[in-house]
Each structure stands twice: as C-alpha cells, then as structure tokens.
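Enquirer: need the 3D shape of this:
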Amino acid sequence: MTFSPSEVNLIDGETEPTSKTYFQLCRYRWDWPSLVSSLVGLAVAGGLPRLCRRRENGRKGKMGENRGDGLGNGERKLRYSWVGIGDDVPLLMENLLLATELVKDYHKSEISPRCAMKIDISKAFDSVQWPFLLATLEALGFPAKYIHWIRLCISTASFSVQVNGELAGYFNSARGLRQGCALSPSLFVICMNVLSKLLDKAAVDRLVGYHPRCKNALLTHLCFADDIMVFTDGQKRSVEGILQVFNDFEKLSGLKISLEKSTLYMAGISVENQSAILENFPFEAGQLPVRYLGLPLLTRKMTVSDYLPLMEKIKTRMCNWNGRFLSYAGRLQLLKSVIMSLANFWFSAFRLPRQCINGIEKLCAAFLWSGPELNTRKSKVSWKEVCKKKEEGGLGLRDLKEVNEVSCLKLIWRILSGQNSLWVQWIQKNLIRKGSFWSVKENSTIGSWMWKKILKTRDAAKEFHRVEVKNGESTSFWYDHWCTMGRLKDLLGERSYIDMGIPETWTVAEVIQKHRRRRHRVYGKTEKRDTNQISHQRVLGCLFERNTYCNDGWNQAIDPICVLCKQEGETRNYLFFSCAYSSYIWQKLIGGLLGTRYTERWEDIIEIMLDLRQDRVKLFLIRYAFQAAIHSIWRERNYRRHGDKQIPHMLLAKVIDKNVRNRLSTIQRQGDKKMEKGLQVWFGTR
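Expert: Prediction:
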C-alpha cells in the first residue's frame, strides 16, 4: 500500500501538519509501517510537552541512514526524545565505555563496596502487556488517533505454525510485540522507560544506594534495548530495593527478569556480606571481565585473552569460506566488507593493542593471497603496500593502525562536542571536573584503561581541533584553540597563567566577567590576592592572636607567649614587627628602602604606606614587601602552632625576597611601564 503526495490532503486535521512535515522530509518509498512509525516519532519529537529529564537529539543524519540499531529515523527520534537518563546513550559503544569506567578496579579488593547487576529479561518482546503499553502512551500525552493506530498494529497480528512443512492455520496473540516490525523497538523502549523512572525514583527515595562516582550524574543503570546493567553501592538493602523495583515493574508490564540468567558482580565487599547477599537473592555470582553488548567489559588493560575472541571470529569466518571457489577479487571484496566490519565494531569502542592489529593484518594478508587455507608464505606484496590507495599502486584496503587511531580521535570528538551523551557528561563531572580535557594528566589514576588511551591520543587531535567561542562558557581560555594564533598555553608557556593572574581552569566567559579592572579598587593591580587578603585582615585586626583566645576564655590551656620568639605575649603589634623573629625579616626586606625612616612600630609603618608623596615605585615595593612579610610570617606562626616543621628566620627572609623578585619580574614581562624599574630599585637596596 503506497501514498502519493496528493493523497496527503485526505488525512484529517489532527494529523495533517505532522504528516505534511513528514512527506516534505522523506525521500524514500511511503509504505504504511514506515509512515505510522515516522508519524509517531515526529509527533513525539516535535509536538508534545517535555517530561522529566529529556534531551534533544543532537545527532543528525540522512533519512533512513543505517546506524546499526535497526530503527528508522522517525523511531530514532522517538527513542532519543523519550528515554530517561539511564538510557540516554543512543549508541552501543557509549554504553560500553561508560560501563567500563564504572567497573574499573573491580578486580581489586581494597576498594569501597560496590556491585553491578547484569539483568536478563525473559522473553522481552513477547511478554509486553498491551494495556500497560497503551496506558503508558496515554500518560505520555500521545494523541488518541496515534494510540488507536498502535492498538490496531499490535492487536491485529496473526501467526501460523508450520507442521510437517505446511502452515496449519492462523491464531491471534494476546500480548507482546511483533518481532521484525519496524515499530516494535520504539514501543519497547517506551515500556523500558517506565523501568528507568522506577529505578531513578528508588535511588532518590534512598531505597537503592548509588554506585561510587554515580551520584553526581544520578546514574543508576544503563539500558540498551533489553540489555540492562544496574549499578549500586553493594549493600544488601540496595539489592533488595532493586528486586522490589523489578517485581513492581513485572506486575505493571508483564516483563519479568530471569534470575537464573542474571549475574551479580561484587567488589570491595567482605566474604561474609557476599555470602549473605547470595543466600538471600537467587543471583549467580560472576567475575569480570564478561561480554557485554557483544564486547568484553574490562576492569584493566586489554590482554591477549581479551581480544582473542575477535581473532578467532575472523579466522573462523575465513575458514567457513573454504567450500566456495573465491577469486582474488572476491577475496578482496570480502576483506573490505565482512572482515573490516568485524574489526570496526571493536575499533569503535577500544584502542586495540598493536599485537592484535598485527595479528588481524597477518590473517587478512594470508587470506588475500592463499584463500581459506591461510598460508602466510604466499604473500607477494607487503601489507603496507596493499593498504595504499589505488591511485598510489595499492588495493584500497584501510590500514588498521590508522583506523584504530581515527576511532580514538572520534571518541575525543565526542568528548569535546557531544554534550547530549551521558558518557560525555559523566566524563566531564568525574574525570575532567573543573578543568579542561587538554589539561588532564596522563598519569592520573581515576580513569579506566581506555580513558588513558584516549589521553595519549590528544597530541594527534590538537591539530584538528578548533573552537567557536560563542558565549565562551564552555571554551577553555588557556587550552582550547579559539584564538587564530593557536592555544594560548602553547604560545605563552607553562608560567603564562601565573604571569597573567588568570587561573588555569577559567573559561573565556569567566575571563571576560571576572578579570576586570574594577577589582583593583579593592586589591592592588600588581599584588597577589592571597597575601593582600591576609594583610587586609591584619590591618583591620580581624585575625586572632593567642592573647585573644585566652582573654575571651575560649581555651585557658593555650600558651599566650609568641610561638616565634618565646619571649612576650602574642599581639598584633608585637608579632608585626617587634618580635625578634619578624623584626629580622622586616629589616632584611625593607631596611634599604626606608633608610632613615626605618621603623618596626605598626602605626608608623601604616603611616608610611599611606604617604602618597613618595616615589610611586618605591611606595609599591614597600606595600608589596609588607604584604609578603605578613603573609609568610602568619603562615609560619600557624605552622609552629600546629606542630609543623619550623623555618629559620634567615631562610624565610630569603624565600620572601625571592618571591618579591619573581613578582617584579612578572610585572616587567607584562609590560607595565609604570613599574618597569621596580626590579632595578629592589636590587639596588639589597
């Protein structure tokens, strides 16, 4: 049954706008199942109110493009628009990558308690109760006509059984979704979204504890079709809460988990607690690594035993072609289509070891030159020459080493641009945090083995990365390539953020908003803020000395004697700079600058710093040395009070002098003409 554009006007007013939009976008055959599923998808994506936490589909493609999930474009829009936070990973690869991050260190015993549950749903598509599905569609706000259409699609299907090679009659079903129907995956995802909401609600209600590093993202589970991984804190009550959620979901939808096929993976839990959990709940205890979504779920770096299934699968596929008489061109075509597809599936999620790639290339070369017998001695041309372009004398096969690196670069692209991905959001919150992807250290221990592989590929990605600033809120000032000259960190050097006084983690927007001249009204333009704050509080008398504690009766056991010189009681005027320890430092720093005006009396020092008639450079040096001395002496006083290692007064004076010289050198490089003679004047008084 087909429709022409002229027949679109026959559709009633309720669906006409959506239908016309669909026919304007689509360019392939308008058959009825695709029409129904696409109309539903467009209605959900475009015309209904948002519920809870939904995200728009930021991954655009051509209509009917094959993404490997069996869904049409309309159904994909529906799926992306209505899945919850635990299901918002549209690609299988991102689900696996996120699961890999969560199960990191599961092989270790000295970690915090945690567990992962691999849930198997028994006869998933065949068990869905129709009233539950229709009630869910109604609750989500689907138009009544669409619900009626879906009711007809799922309830009018009939089946036949083959007996002795012949069909024996037809019968109707009372539940379930049709296998092979283009609409069924989308409807099943809508049903699973209810389970997602129930698990999230159980975590919010504290019936289920969050897995380590999952609370910030409110992550309780990962779901891809009927493959479910639930993550929790490893407590018995959490496992009980999860089972209660699945029991409630079974009563609503008819979807029942198969406890015999479900597996529990525990780590950091004592043997006694593990035994108690397994005795009370009919789960099988499993050990990682395990296959998840067709790929290994690893807790550590990939080894030979992990990628051996890929090698065996490729070898088996080649040997199965033994009964066919394949020409040289036929073998070449099989390598390009079948074998490369098997390898690309692994490349999409992993950075495979070089030994694995060499092994695959060896098998491919043997198959190309000798056929299914896989004789490695019949190779006539090196594999490197075979992988060149046809224009360069090769056969046009892709170099697997390059494919491996490009796949890793694609993951970096997802991190830098894919804000709708749950994997990317988890990476941002737990691994990158407040910094930039480019500033994360490679030797960090918080990420999985695959995260470390991604970090090692950053240098290759830099030359391809450019950033459009827009509002600047997501653009790193130092590390992103938003400037035409390149990355500022590379241009200005490692000390650049210190020299300019702009923190390493700031974005372009933060620099524009916070790095203003108005802050110099309170803090000196060329003065460090930490030393300025301490000296500001000291001038106002806001910092407590020991006499203050004792006089206020806070702690009568505190010794009121100055911890620096052990001679008199500690007060502000004595600590700065009448104490023998601090007076030595003050004299070394400021004696040459003040000359005959040198004093150690607090009130006189403040009066000198407020005298604006003296030379600008000299006044700045006095003020900055004053701030640096107060900051360092106060820190040394606190260190001694708490029993830390003591610094002699001669050494501390040299440290402060060096800090002042470094600051003056920085001011010189910044091009401040008013203070360009500061370093010269400072050295002249030494």
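
Enquirer: ranges for the helices of the stretch 501-650 of the chain?
Expert: Secondary structure of the stretch 501-650 of the chain by DSSP state H, counting those that start in this stretch: the helices cover 508-514, 529-540, 546-551, 572-573, 580-594, 602-609, 616-641, 649-669.

Enquirer: what of the stretch 351-500 of the chain?
Expert: 354-370, 383-386, 400-417, 422-427, 449-456, 458-462, 488-492, 496-500.

Enquirer: so which of the helices of the stretch 501-650 of the chain is nearest residue 215?
Expert: Across those, residue 215 has its closest neighbour in helix 508-514 (26.2 Å, C-beta to C-beta). Just so you know, the C-beta spots here come from the backbone N, C-alpha and C atoms, and that holds for glycine as well.

Enquirer: per-residue confidence at the residue of the chain most remote from its centre?
Expert: In the chain, the residue that sits farthest from the middle, by C-alpha atoms, centre = their mean, is residue 596; the gap is 61.8 Å. Residue 596 is assigned 87 on the pLDDT scale.

Enquirer: same question for residue 518.
Expert: Model confidence at residue 518, given as pLDDT, is 40.

Enquirer: before we move on, what about residue 38?
Expert: Residue 38 carries a pLDDT score of 41 in this model.

Enquirer: for residue 347, give its distance to residue 602.
Expert: Distance check for residue 347 against residue 602: by C-beta to C-beta, to the nearest Å, it reads 70 Å.

Enquirer: who has more neighbours, these two?
Expert: Applying other C-beta atoms under 10 Å to residue 347 and residue 602 shows that residue 347 carries more neighbours, namely 21 against 18.

Enquirer: pretty sure that one contacts residue 404?
Expert: Yes: with contact defined as C-beta atoms under 8 Å, residue 347 reaches residue 404; the gap is 5.7 Å.

Enquirer: re earlier: nearest to residue 179, of the helices of the stretch 351-500 of the chain?
Expert: That would be helix 422-427 among the helices of the stretch 351-500 of the chain, by C-beta to C-beta, at 28.4 Å.

Enquirer: what packs against that closest one?
Expert: With contacts taken as 3 or more C-beta pairs under 8 Å, 6 or more residues apart in numbering; DSSP states H and E, helix 422-427 sits against helix 92-102, helix 400-417.

Enquirer: quick check: mean pLDDT of that helix?
Expert: Across helix 422-427, the average pLDDT comes to 88.

Enquirer: same deal with stretch 605-623?
Expert: Taken as a whole, stretch 605-623 has an average pLDDT of 86.

Enquirer: now swap in stretch 223-236 and tell me
Expert: The predicted model gives stretch 223-236 an average pLDDT of 87.

Enquirer: ditto for stretch 134-150
Expert: The pLDDT scores in stretch 134-150 average 90.

Enquirer: distance between the ends of that stretch?
Expert: 8 Å (C-alpha to C-alpha, to the nearest Å).

Enquirer: count the residues that sit near residue 620.
Expert: Neighbour count for residue 620, taken as other C-beta under 10 Å: 20.

Enquirer: shift numbering so it begins at 536
Expert: Got it, first residue is 536 now, which makes that one residue 1155.

Enquirer: from residue 1203, how far out is it?
Expert: With C-beta to C-beta as the criterion, residue 1155 and residue 1203 are 13 Å apart.

Enquirer: which residues do these two both contact?
Expert: 1210, 1213 (C-beta atoms under 8 Å, 6 or more residues apart in numbering).
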